[in-house]
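Novice: got a sequence here, can you build the structure:
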Amino acid sequence: MNKLRFCLIFEIVLLFWSLEGDVVHGMVRFSERSAQKEFAQDRVIVCPEQTISIDQLEELASNMGAKVLKIYSHTNSCIVSLPEGMEVKECVCLFKEQTIIRDAEPDYIVHADIVPNDSNFNQLYGLHNTGQTGGALDADIDAVEAWDTRTDCGSVVVAVIDSGVDYTHEDLAANMWRNPGEIAGDLIDNDGNGYIDDVFGIDAHNNDSDPLDDDGHGTHLSGTIGAVGNNTTGITGVCWNVQIMALKFLDASGSGFTSNVLECIDYMVNMKSQYGINVKVSNNSWSGNHFSAALESAIAVARDADILFVAAAGNEQTDNDITPSYPNSYTAENIISVAASNANDNLSGFSNYGATTVDLTAPGSSIYSTIPNNSYTFLSGTSMATPYVSGVAALLAAENPTFSYGQIKGLLLDSVDVVPALTGLVATGGRLNVGNSLHCDESRFSLEIYPPDTVLLPGNTQQFTAAGLLCNTSSDITSLVIWASSDALVATVDTTGLVTSVGVGTAQITASHNGIISPAVSLRVLLPDGDEDNDGLTNSEELLNGTDPLVARKPELVVDFVPPYGINIMYNNTGFPNWTGLHYLNAGTGGMVVGDLDGNDKADLIVDFGPSYGINIMYNNAGFPNWTGLHHLSSGTGGMVVGDLDGNDKSDLVVDLGPPYGINVFYNNMGAWTSLHHLSANAGGMVVGDLDGNDKSDLVVDFGPPYGINVFYNNTGPWTNLHHLSAGTGGMKTGDLDGSGQDDLIVDFVPPYGINVFYNNTGPWTSLHHLSAGTGGMVAGDLDGSGQDDLIVDFVPPYGINVFYNNTGPWVGLHHLSAGTGGLVAGDLDENGQDDLVVDFGLYGINIFYNNSVPWVGAHHFSAGTGGMVISDLDGN
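Specialist: A predicted model of the protein is given here:
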């Protein structure tokens, strides 16, 4: 295809654990969840540029045969129907190509599982721990101590974005937010906000205004935040009285769409900015492993509306520093990421963690709270920890009504109880303590300023704010601090924190207050017409596009050079001699492959280092020595391939481990290997491609005589025979030669049969050339940018390297030489929409054929070794 595109999935799961699940080593395990990818088949999410009008957007959609269904004006996103006959991913890619569109993505469905357990204040160890549940004395948030100062949060609205709330519950009804502009039951949109009878909030899933909880999850969270206190009934929330806004996006089975989340955030921001509703905090007890540009943008809009976004860290027992979990891993300054701790002040066994990406813990194991129908039960999860933080944030906002989200966040983070067992697991090293937050000691606090390191053009301005890390003040910190710039010739800053760029260069921006000095933020001012990262786009173009002018947006070329040079990488098409070593060892016969195993949209590099070292992976461009072992065995004849076999947008690693182990797969980066076949591959090896066009990779294996070539469809099987012959030297490749959207299988059969193609998973087999490939083999890539893959073959000498364009021919010679051991690879190194061809010419080194035009450009004078070459986006830019 003409361009590598990441179709970004945002699969959200409610973050809680059932206490009636399977017990493994004394901890509760989530029930297995289907990994099948699901998204709306009739619409996509589109994010236009800020300057685009509704009329322009509707005109663009109309010209494509689509229709704008919904517009979320505050979060700058919309829902667009599919043009007739068009697939979702095709529509996403089509919108992404439009200059007025910032991003587009499928509208993914999200899932939740819930199985409640079972039965007043003495059950609430998270608020006041006397050891009543067998835990450690005072392993709690010191709510009783805080209540000596304040119990009332009645002026504050907390938006619970979840499965709705049982607003009739005996312990919640008095603390529900009620829309002052709406008259219940008159079937009129009294306040003109677009919703009829939105008394308690909205139900984005069912497209109405009744957010009654038919799942139970949102009601449980709401009880922790604000079950009515001191009413002789049930339990007590962190806030004895508060206003809970119910924003529902999940149905009774725990499923909903990303677009529903966007609508909830848009409603929340609109009610605050247009109607003056005092929304200070949103609770978000859901998470997923995939990035959504639309959601990231919506959270930033909530930040600009001064709303704190409290998010659960996740329940996968993983390190979010390595494997991000969204939305808590987005970088918006208003996010607080919450892990779960237990009654002994240890990290809960199910909880995610992260020394830099997760902020603090709160009680999350066996939390007793409200559920629908005037009932109560215990649940566990980071879902249950998150509302403690939301409730405390509301208490602080009520006590300090002029505090910004940054000040509240600062108080929360700098007032934790530091717990040795949490050191290195969360950024603060501690557990939430509301008593410390309300009875704060200014000497404990630090000062931070936002945004982080920033790039501007001369004459631009940037408003900086000071995060509210000071207590006992009712004034905004941004106006209290003293602002400073290290170089007034580069940038000046006034008393309000407004920075004006003056000249080209770098300045450090700081703020201070009563002897406390913030960490410096770097401000770099660039020439508008310069190209700092040499990616063909000027600095002004990149800033206008929202990309980083200091980082080239290009994939990487990785080469296993002949010994003793090991594995090296050329970042961002920077050319010779800009190579960086990744490992001093060379790859074994299994070579190298790349794929996004951890689902964070950065390619991971997998190398078979041979029998002594086995198969290892370098995650997230971490560099040497940050390699992780995946298997102690080395691969057999068939080597390794990567593809999304189970369709969940995480790459799966398939390895031929050789006899007697056969072919095995490492699914979803989960640590377990699964056997797919007891036989091993023949010389033709293995390839993956979506032969049947259903967005799951199919695995094709040459099992050798007499079994021939077989395919494992859709990760389910059975194995299906495609041809009784085996492949020759050139092996097998997949690519969309005819532009149909389905991968075609190209096989170099043993002589005299030559090169043949199996189109669109239907056949018949069609001959493309009577000759067989030589040492360099074959590769498919869109050299001419036509949208169809071209087939490039290194024929046996003296025929050299030839290309079969656009599935029509004739064959065209590209070079009279044949490839060496490293073979051929194709990829868009210069990110211009055309794949470039990289060839290892042996003695002549590695050369690149850019943009389907001569001349050839030398990339390195060395030749590749056994491991060959791969192209992918390792640094995620």
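Novice: when you work out contacts or count neighbours from here on, use the C-alpha atoms and nothing else.
Specialist: OK.
Novice: report the buried residues of stretch 708-717.
Specialist: Gly708, Ile709, Asn710, Val711, Phe712, Tyr713, Asn714, Asn715 (16 or more other C-alpha atoms under 10 Å).
Novice: confidence score at the fifth one?
Specialist: For Phe712, the pLDDT comes out at 90.
Novice: I figured it hits Thr720, correct?
Specialist: Yes - with contact defined as C-alpha atoms under 8 Å, Phe712 counts as touching Thr720 (6.5 Å).
Novice: hmm, back to that, out of the buried residues of stretch 708-717, list just those in strands.
Specialist: Judged by DSSP state E, those include Ile709, Asn710, Val711, Phe712 as members of strands.
Novice: contacting residues for the third one?
Specialist: For Val711, the residues meeting the contact criterion (C-alpha atoms under 8 Å, 6 or more residues apart in numbering) are Asp698, Leu699, Val700, Val701, Trp719, Thr720, Asn721, Leu722.
Novice: among those, which one lies nearest to Asn374?
Specialist: Asp698 (50.2 Å; C-alpha to C-alpha).
Novice: just give me the neighbour total for the closest one.
Specialist: Neighbour count of Asp698, defined by other C-alpha atoms under 10 Å: 26.
Novice: ok, now how distant is the closest residue to it other than its chain neighbours from Asp646?
Specialist: Leaving aside its chain neighbours, Asp698 sits nearest to Tyr713 (4.8 Å; criterion: C-alpha to C-alpha, 6 or more residues apart in numbering). To Asp646, Tyr713 is 10 Å away according to C-alpha to C-alpha, to the nearest Å.
Novice: and the pLDDT for the closest residue in space to Thr454 that isn't next to it in sequence?
Specialist: Nearest residue to Thr454, sequence neighbours excluded (C-alpha to C-alpha, 6+ apart): Leu523, at 4.9 Å. At Leu523, the pLDDT value in this model is 92.
Novice: list the contacts of Leu523.
Specialist: Asp453, Thr454, Val455, Leu456, Ala491, Thr506, Ala507, Gln508, Ile509.
Novice: okay, now the nearest residue to the fourth one once chain neighbours are set aside: neighbour count?
Specialist: Spelled out, it's Leu456. Distances taken as C-alpha to C-alpha, 6+ apart place Val525 nearest to Leu456, at 4.9 Å, with adjacent residues excluded. For Val525, the count of nearby residues is 22 (other C-alpha under 10 Å).
Novice: what residues are up against Val525?
Specialist: Contacts of Val525 by C-alpha under 8 Å, 6+ apart are Val455, Leu456, Leu457, Pro458, Val490, Ser501, Gly503, Val504, Gly505, Thr506.
Novice: how does it look with 6 Å?
Specialist: Listed by C-alpha atoms under 6 Å, 6 or more residues apart in numbering, the contact set of Val525 reads Val455, Leu456, Leu457, Val504, Gly505.
Novice: ok, now which ones touch the third one?
Specialist: Contacts were defined as C-alpha under 6 Å, 6+ apart; by that measure Leu457 touches Val525, Leu526, Pro528.
Novice: now do 10 Å
Specialist: By C-alpha atoms under 10 Å, 6 or more residues apart in numbering, the contact list for Leu457 reads 500-504, 524-529, 539-540, 543.
Novice: now the buried members of those residues.
Specialist: The buried subset of the contacts of Leu457 - by 16+ other C-alpha under 10 Å - is 500-504, 524-528, 539-540, 543.
Novice: next structured bit after the lengthiest helix in the chain?
Specialist: Assignment by DSSP state H gives helix 382-399 as the longest helix of the chain. Downstream of helix 382-399, the first helix or strand assigned by DSSP states H and E is helix 405-414.
Novice: quick one: mean pLDDT over that next one.
Specialist: On average, helix 405-414 scores 87.
Novice: ranges for the strands of the stretch 451-600 of the chain?
Specialist: Taking DSSP state E, counting those that start in this stretch, the strands of the stretch 451-600 of the chain run over residues 454-456, 461-463, 465-467, 482-485, 491-493, 498-501, 505-513, 516-517, 521-525, 556-561, 567-570, 580-583, 592-595.
Novice: repeat for the stretch 51-200 of the chain
Specialist: Per DSSP E, counting those that start in this stretch, the stretch 51-200 of the chain carries strands over the ranges 68-72, 77-81, 101-110, 152-162.
Novice: going by mean pLDDT, which of these comes out lowest?
Specialist: Minimum mean pLDDT among these: strand 101-110, a mean of 80.
Novice: chain center to that strand, what's the gap?
Specialist: Relative to the chain's own centre, strand 101-110 is displaced by 12 Å; criterion: C-alpha atoms, centre = their mean, to the nearest Å.
Novice: so that it lines up with my notes, have the first residue be 18 from now on.
Specialist: Let's use 18 as the start, then, which means that last one is strand 118-127.
Novice: any idea how far the longest helix of the chain is from the middle of the chain?
Specialist: Distance of helix 399-416 from the chain centroid (C-alpha atoms, centre = their mean) equals 25 Å.
Novice: and what of stretch 367-382?
Specialist: Centroid displacement of stretch 367-382 relative to its chain, using C-alpha atoms, centre = their mean, is 18 Å.
Novice: then that stretch to CSV, C-alphas only?
Specialist: What follows is stretch 367-382, C-alpha atoms only, in CSV (Å, rounded to 0.1, in the frame of the first residue of the first chain):
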residue,chain,number,x,y,z
PHE,A,367,-4.5,-6.7,40.1
SER,A,368,-3.4,-3.1,39.8
ASN,A,369,-1.3,-1.5,37.0
TYR,A,370,1.5,0.7,38.2
GLY,A,371,4.1,3.1,36.8
ALA,A,372,6.9,5.1,38.4
THR,A,373,6.3,8.0,36.1
THR,A,374,2.9,7.5,34.5
VAL,A,375,0.8,6.6,37.5
ASP,A,376,0.4,9.3,40.2
LEU,A,377,-0.8,7.7,43.4
THR,A,378,-2.8,4.9,44.9
ALA,A,379,-6.1,4.8,46.7
PRO,A,380,-8.0,2.0,48.4
GLY,A,381,-9.3,-0.4,45.7
SER,A,382,-9.6,-3.9,47.2
